[in-house]
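**Student:** only geometry, no sequence info:
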């Protein structure tokens, strides 16, 4: 039963450090993407700053209109009635009024007259809540680059107000925006009075700041909730992605550090998404690698075993050759040496081809091949060279239509050469070898039949193993390497086909090798 390889945990974790460092961690990337989206939402704070600016601009226009109306009302009454009217207008509009003569000297102030409707808040006595709001206003104004209004201060007697100077000199209403100590806007406006003089209004528009701060507070709550939910969902998503990927990466590292057959790659059967598909693909790949390693080790062991036999015979003949003086025995030993050398040469050639076959098939360029024409040419060439012991070859085809498969012609030709050679070696004298070609809707089926002893049922799979050879009794030992059918299966498998052996149905003896290859253009 497969088990995890006993590699020190520190080695695996150290190998994964670069793969899952903070620079490339998917968890941080997912968090960064979602936080970036939230940062875009946080841009609403800067929208509120522009919203505040528009409100202030509208209040400035309103203050300018009010100043004109008040100036018109004061200009319509006698001078001795202006103070009473100014006090009444200030009470009705909620603003502070100042009256100036034609020289710009202040002559009246509704606040000095006892109307306390313009009181600035002392920020040092305002409590922690408004202080936090002012701090947030300062931060956002700094980040947004908002223009900072000048601080509102009471001017000394005789000092001109900008709005009053503009109204006196240009005879036009003007307004200014100031910043109170608690960072709320103060809007002043001045307008000339008919008959001489100027009236100036002052209003601390704390409602603007309160409205903006309420909206910022609401947006902050929404942003906080969305941030918490987004972080939780990001971590959940990262856990469902990064966790399985870590397990797969750790298994892959163990495959690289150790022996692949001892590593169990998680298949994640509960995952039906791309991560699950990746896990199963890596698991299948590791199993294929494990099978390839096993096959390589088994092949190496078989090669060692097969090479030892002729080498042992060769060594024995060489050792004996020095002590033998009879010419007949020397010739016999030399014949044994030549046979063993030929056998080694054949083994090495077949082993070389078998070891390179998988790699060559993976790089081969497959093209449409007419399998019927190829077999016709192969049989004609074999008949022209002559077949020993009077053995005959016959091709049985039901139609003359092309039978095209996708593959490499030279490799497919090697398959049928091996099968014909195998059938010839097992056929009796004057025997008949029949090659039947048929087709189904999707496959080309080629059957090679002989009249030999057949293949026992228990050996029908073993004959395709490397170096496994069941030879006729009358054949000299060592003429075959036992790789012919193994090479044929490897080539057929590389062409997505199948090869099998079975008994003939029309006689008591004989073998039938059946090769199935997918058609290039299925009907």
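**Tutor:** Alright, I've got the coordinates. Computed from a predicted model, the values in this text were never measured in an experiment.

**Student:** Tell me which residues of the host helix or strand of residue 424 come out buried.
**Tutor:** For residue 424, the host element (DSSP states H and E) is helix 409-426. Going by neighbour count (16 or more other CB atoms under 10 Å), the buried part of helix 409-426 is 409, 411-416, 418-420, 422-426. Every residue, glycine included, has its C-beta placed from N, CA and C.

**Student:** which SS state does residue 117 fall under?
**Tutor:** For residue 117, the assignment made with DSSP: H, G, I helix; E, B strand; the rest coil gives coil.

**Student:** same deal with residue 437?
**Tutor:** strand.

**Student:** where's the residue nearest to it when sequence neighbours are not counted relative to residue 72, distance?
**Tutor:** Leaving aside its sequence neighbours, residue 437 sits nearest to residue 397 (CB to CB, 6 or more residues apart in numbering; 5.0 Å). Taking CB to CB, to the nearest Å as the measure, residue 397 falls 116 Å from residue 72.

**Student:** can you tell me how far the residue nearest to residue 437 sits from residue 202?
**Tutor:** According to CB to CB, residue 397 and residue 202 sit 112 Å apart.

**Student:** neighbour count winner among the two?
**Tutor:** Counted by other CB atoms under 10 Å, residue 397 and residue 202 do not tie: residue 202 has more neighbours, with 25 against 15.

**Student:** what's the helix or strand for the more buried one?
**Tutor:** strand 198-204.

**Student:** by contact count, what packs against the next helix or strand after that strand?
**Tutor:** Going down the chain from strand 198-204, the next helix or strand is helix 206-257, by DSSP H and E. Applying 3 or more CB pairs under 8 Å, 6 or more residues apart in numbering; DSSP states H and E, we find helix 206-257 packed against helix 9-17, helix 26-42, helix 44-75, helix 128-144, helix 274-321.

**Student:** Kindly calculate the angle that helix 206-257 makes with helix 128-144.
**Tutor:** Orientation note: helix 206-257 sits at an angle of 70 degrees relative to helix 128-144 (axes from the mean of the first three to the mean of the last three CA atoms, to 10 degrees).

**Student:** Do me a favour and average the pLDDT over helix 206-257.
**Tutor:** The pLDDT scores in helix 206-257 average 79.

**Student:** got the angle between it and helix 274-321?
**Tutor:** 20 degrees.

**Student:** Renumber starting at 391 from here on
**Tutor:** With 391 as the first residue, the last one maps to helix 596-647.

**Student:** count of residues packed around the nearest residue to residue 562 once chain neighbours are set aside?
**Tutor:** Spatially, and ignoring its direct neighbours in sequence, residue 562 is nearest to residue 556 (6.7 Å; CB to CB, 6+ apart). Neighbours of residue 556 under the rule other CB under 10 Å: 20.

**Student:** List the buried residues for the helix or strand where residue 556 lies?
**Tutor:** In the assignment (DSSP H and E), residue 556 maps to helix 552-560. Buried residues in helix 552-560, defined by neighbour count with 16+ other CB under 10 Å: 553-554, 556-558.

**Student:** Might you report the residue contacts of the closest residue to residue 547 other than its chain neighbours?
**Tutor:** Leaving aside its sequence neighbours, residue 547 sits nearest to residue 496 (CB to CB, 6+ apart; 7.0 Å). Neighbour list for residue 496: 488-490, 547 [criterion: CB atoms under 8 Å, 6 or more residues apart in numbering].

**Student:** Same check on residue 633?
**Tutor:** Neighbours of residue 633 in contact, by CB under 8 Å, 6+ apart: none.

**Student:** about what we covered before: list the helices and strands the strand holding residue 592 packs on?
**Tutor:** Where contact means 3+ CB pairs under 8 Å, 6+ apart, strand 588-594 is packed against helix 434-465, strand 486-490, helix 552-560, strand 575-582.

**Student:** out of these, nearest to residue 795?
**Tutor:** helix 434-465 (66.8 Å; CB to CB).

**Student:** Same question for the closest one: list its buried residues.
**Tutor:** Residues of helix 434-465 classed as buried by neighbour count (16+ other CB under 10 Å): 434-435, 438-439, 442, 445-446, 449-450, 453-454, 456-458, 460-461, 463-465.

**Student:** Run the chain-centre distance for that helix.
**Tutor:** Taking CA atoms, centre = their mean, to the nearest Å, one finds helix 434-465 lying 56 Å from the centre of the chain it belongs to.

**Student:** rounded to a whole number, what's the mean pLDDT of it?
**Tutor:** For helix 434-465, the per-residue pLDDT averages 86.

**Student:** and residue 511, how many neighbours?
**Tutor:** 15.

**Student:** SS state for residue 572?
**Tutor:** Residue 572 ends up coil, using three-state DSSP.

**Student:** give the contact list for the residue nearest to residue 617 when sequence neighbours are not counted.
**Tutor:** Spatially, and ignoring its direct neighbours in sequence, residue 617 is nearest to residue 428 (5.5 Å; CB to CB, 6+ apart). Each residue near residue 428 by CB under 8 Å, 6+ apart is listed here: 613, 616-617, 620.

**Student:** Then residue 537?
**Tutor:** Residue 537 neighbours (CB under 8 Å, 6+ apart): none.

**Student:** wait, which of the helices and strands packed on helix 596-647 is closest to residue 835?
**Tutor:** Of all these, helix 664-711 comes closest under CB to CB, at 27.6 Å.

**Student:** Let me know the average pLDDT across that closest one.
**Tutor:** The average pLDDT for helix 664-711 rounds to 73.

**Student:** Please apply the same query to stretch 827-836.
**Tutor:** Mean predicted confidence for stretch 827-836 is 83.

**Student:** Mind listing what's buried along it?
**Tutor:** 827, 829, 833-836.

**Student:** Please work out which residues outside it touch it.
**Tutor:** Residues contacting stretch 827-836 (CB under 8 Å, 6+ apart): 761-762, 765, 785-788, 793, 795, 806, 825-826, 837, 887, 904-909, 912-913.

**Student:** How about the contacts made by the residue lying closest to residue 623 once chain neighbours are set aside?
**Tutor:** Nearest-residue entry for residue 623: residue 424, 7.6 Å, with adjacent residues in sequence omitted and distances by CB to CB, 6+ apart. Applying CB under 8 Å, 6+ apart, we find residue 424 in contact with 620-621, 623-624.

**Student:** ok, now residue 717?
**Tutor:** Neighbouring residues of residue 717 by CB under 8 Å, 6+ apart: there are none.

**Student:** Pull out the buried residues from stretch 629-643.
**Tutor:** Neighbour-count burial for stretch 629-643, counted by 16+ other CB under 10 Å, picks out 631-632, 634-635, 638-643.
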